[in-house]
Structure formats: structure tokens, C-alpha cells
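Engineer: A predicted structure for the sequence below; I have some questions about it.
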Amino acid sequence: MSAPRAGKAPGRRHVLVVGSIFLVPLAMAILLYYSAGWRPAVNAHGFLIDPPRTLTVVGALLPDGRPAPAAVFEGKWSLVHPAIACDERTRALLDELARIRLALGKDESRVRRVLLHAGACSGVEFQSRDADLLVLAATAPGGAQFLAQFPPAADGAPGIYVVDPHGNLMMSYPASGSARGLLKDLERLLRLSNIG
């Protein structure tokens, strides 16, 4: 009777060894992530807004003068630029955002550009030239509060803001920053996200 018991013991040991090969690294990863305070490094090129802020759309008008719907940012990733003036700098930035959007290839349709202005410019000339550009005017009552939701960059100038398809303000970039960095962050976001 002792011979069959000897045959069973090595079999159980092999199962335990093979099981531990798969379970020990998983247990270590969970332990490191949750208890040691260690997090993998994220190489974002912009500034993460943590926690993301849900935008309240109030005081924004569409180009035809109607109030923008509360869900105006929902459904697509939005690259928002609050413009102080509709000058050549704004035009160049919008052109750069268009090139970034084109560089996304098959994901281009998941992203849109948004020009947000406060009456210093009409935005009409941009809307007529770029059909894929959404122009919002923060000129209705409450428009100043709407604009204030987009914090200025360190240099005090308006930048570029990423709004997710649920209407949450997630990231900000300086207007004079690297287009390549914004493109890399967008590619990563769109690859990891199945929304929008």
C-alpha cells in the first residue's frame, strides 16, 4: 500500500510548482501595486488634470446662435482651444491640431477640434474654412464661468485641452508645446480606450 502513496506525492508537488510559477508573479504584482505605493511611470507629455473635471456647458453658443447643448462634448474626444483673439497664432494652432488629427489615421473620426472664443473673435471665418471644427462662443450669460473651467497654462496663455467623450476635462497642454507629444498621448489614449 505504501507504493501508491509515493506515486501520488510527486504528482501533487509538480502541480504546486507549476501553479506557483503562474500565481507568485501575479501575487507580487498585486502586492507592489496596492500596498507598496508603487505605480508604473506614465510618460504623458501634457499635464494630467486629476481628478478629471466634468465640464458644465453654460453660456456657450453654437455658430447659428443657439445655446450649445449640455452634451456638446459627449461622443468624441475633443481638442479644445480657448482663443483670446482670432489671429494668425490661433489659425496656425488650429492647422496644427488638424494635422495631429489627420496623423491619427483610422482614429481620426474619434477626435474633433473645438475653438472656444469669448467675443474677441467671431470664429465664423474658421468655421467656414474647416468643416470638422466646432466653434463655440462663450458670449451668453454664464460664458465667463464656462471659460473659467479651462485653467490657463503656466505662462497665463490659453492652451490646448483634452476633453473625453463623457465631457470630462482630462489633460492640458501649452499652446507652444510639442505637437509630437500631444499626438503620442492621443494615440495612447485612443488605443487604450474603447469610448468615443
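Structural biologist: Yep, that arrived.
Engineer: for the record, mean pLDDT for stretch 71-91?
Structural biologist: Computed over stretch 71-91, the mean pLDDT rounds to 89.
Engineer: what's the domain layout of this structure?
Structural biologist: 1-40, 47-192 (automatic domain parsing).
Engineer: rank the ones you listed by pLDDT, which is bottom?
Structural biologist: Across these, the lowest-scoring stretch is domain 1-40, with a mean of 74.
Engineer: how near is residue 170 to residue 107?
Structural biologist: As judged by CB to CB, to the nearest Å, residue 170 and residue 107 stand 16 Å apart. The way it works is simple: take the backbone N, C-alpha and C, and place the C-beta from them, glycine included.
Engineer: looking at the two, which is more packed in?
Structural biologist: Ranked by neighbour count (other CB atoms under 10 Å), residue 170 and residue 107 place residue 170 first, with 20 against 17.
Engineer: alpha carbons of the helix or strand hosting that one, as PDB, please.
Structural biologist: Assigned by DSSP states H and E, residue 170 falls within strand 168-173. Extracted as PDB, the C-alpha positions of strand 168-173 are listed here (Å, rounded to 0.1, in the frame of the first residue of the first chain):
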ATOM      1  CA  ASN A 168     -14.600  65.400 -18.600                       C
ATOM      2  CA  LEU A 169     -11.600  67.800 -18.800                       C
ATOM      3  CA  MET A 170      -8.600  65.400 -18.600                       C
ATOM      4  CA  MET A 171      -5.400  67.000 -19.800                       C
ATOM      5  CA  SER A 172      -3.900  70.300 -20.700                       C
ATOM      6  CA  TYR A 173      -1.000  71.300 -23.000                       C
END
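Engineer: which helices and strands does that strand pack with?
Structural biologist: strand 47-54, strand 160-163, helix 179-192 (3 or more CB pairs under 8 Å, 6 or more residues apart in numbering; DSSP states H and E).
Engineer: mind redoing it with 6 Å?
Structural biologist: strand 47-54, strand 160-163 (3 or more CB pairs under 6 Å, 6 or more residues apart in numbering; DSSP states H and E).
Engineer: pairing partners for that strand, with directions?
Structural biologist: strand 47-54 (antiparallel), strand 160-163 (antiparallel) (DSSP bridges).
Engineer: which other residues reach the helix or strand following the longest one?
Structural biologist: Translated: strand 47-54. Using DSSP H and E, the helix or strand that follows strand 47-54 in sequence is strand 77-83. Strand 77-83 is contacted from outside by 90, 93, 97, 110-117, 147, 150, 158, 160-161, 163, 196, using CB atoms under 6 Å, 6 or more residues apart in numbering.
Engineer: repeat the analysis, applying 8 Å as the threshold.
Structural biologist: 90, 93-94, 97, 100-101, 110-118, 120-121, 123, 134, 138, 147, 150, 158-165, 175, 182, 186, 189-190, 196 (CB atoms under 8 Å, 6 or more residues apart in numbering).
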